[in-house]
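**Student:** next one to model:
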Amino acid sequence: MDATTDKDPQVQEQIYNALCHLGESEPEEILNSCDEYLRQHDKLAYPHRVIILKAMETVVKNNIALLDKSTAKEVIRDWQQAASNVLVAVGQRFINKVMEEVLTKFQPGILPHYFVMQTFANLSVSNGE
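**Tutor:** As a prediction, this is how the structure comes out:
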């Protein structure tokens, strides 16, 4: 996964594809490995973090029926927290675009997801002046 920091987009794409391919045969192992890698590399630049998060998303979507309930719950929570953190970081420079995207998650008559609200709160704190 260290290769995600390579500047070459083709290398980054190959890493993404490899994680997704491995996730087809061992989804829980790949999700746990990605989760552990992101925890150990909390200073990983966001563009590189996004590659891993996108791979995790694909593995979860493609293998949701095969995942153990406890693994799915833990990984999804961690994945959502990491994705929220990415949005907050990007929002420090592109607040209007991030807010526009997050606002699409609000549906009339439906309570917003916890991480949508947390993302809003963290965006306000990181951009407050």
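
**Student:** hmm, Asn32 and Val59 touching each other?
**Tutor:** No. Taking contact to mean CB atoms under 8 Å, the distance of 10.7 Å between Val59 and Asn32 leaves them out of contact. For the C-beta atoms, the positions are set from N, CA and C on the backbone; glycine is no exception.

**Student:** helices or strands next to the lowest-mean-pLDDT helix or strand in the chain in the packing?
**Tutor:** Using mean pLDDT, DSSP states H and E, helix 69-91 stands out as the lowest-scoring helix or strand of the chain, at a mean of 79. For helix 69-91, the helices and strands in contact under the criterion 3 or more CB pairs under 8 Å, 6 or more residues apart in numbering; DSSP states H and E are helix 27-40, helix 46-63, helix 95-103, helix 114-127.

**Student:** of Val59 and Asn32, which one has the most company?
**Tutor:** In this view Val59 and Asn32 are compared by other CB atoms under 10 Å, and Val59 has more residues nearby, 25 against 15.

**Student:** which helix or which strand is home to the closest residue in space to that one that isn't next to it in sequence?
**Tutor:** Nearest in space to Val59, with sequence neighbours left out and distances taken as CB to CB, 6 or more residues apart in numbering, is Gly23 at 3.3 Å. Taking DSSP states H and E as the criterion, the element that holds Gly23 is helix 9-25.

**Student:** list the buried residues of that helix.
**Tutor:** Of the residues in helix 9-25, those buried under the neighbour-count criterion (16 or more other CB atoms under 10 Å) are 12, 15-16, 19-20, 23.

**Student:** same thing with stretch 1-10?
**Tutor:** Residues of stretch 1-10 classed as buried under the neighbour-count rule (16+ other CB under 10 Å) are 1, 4.

**Student:** tell me how many other residues crowd Gly109.
**Tutor:** Look at Gly109: counted by other CB under 10 Å, it has 4 neighbours.
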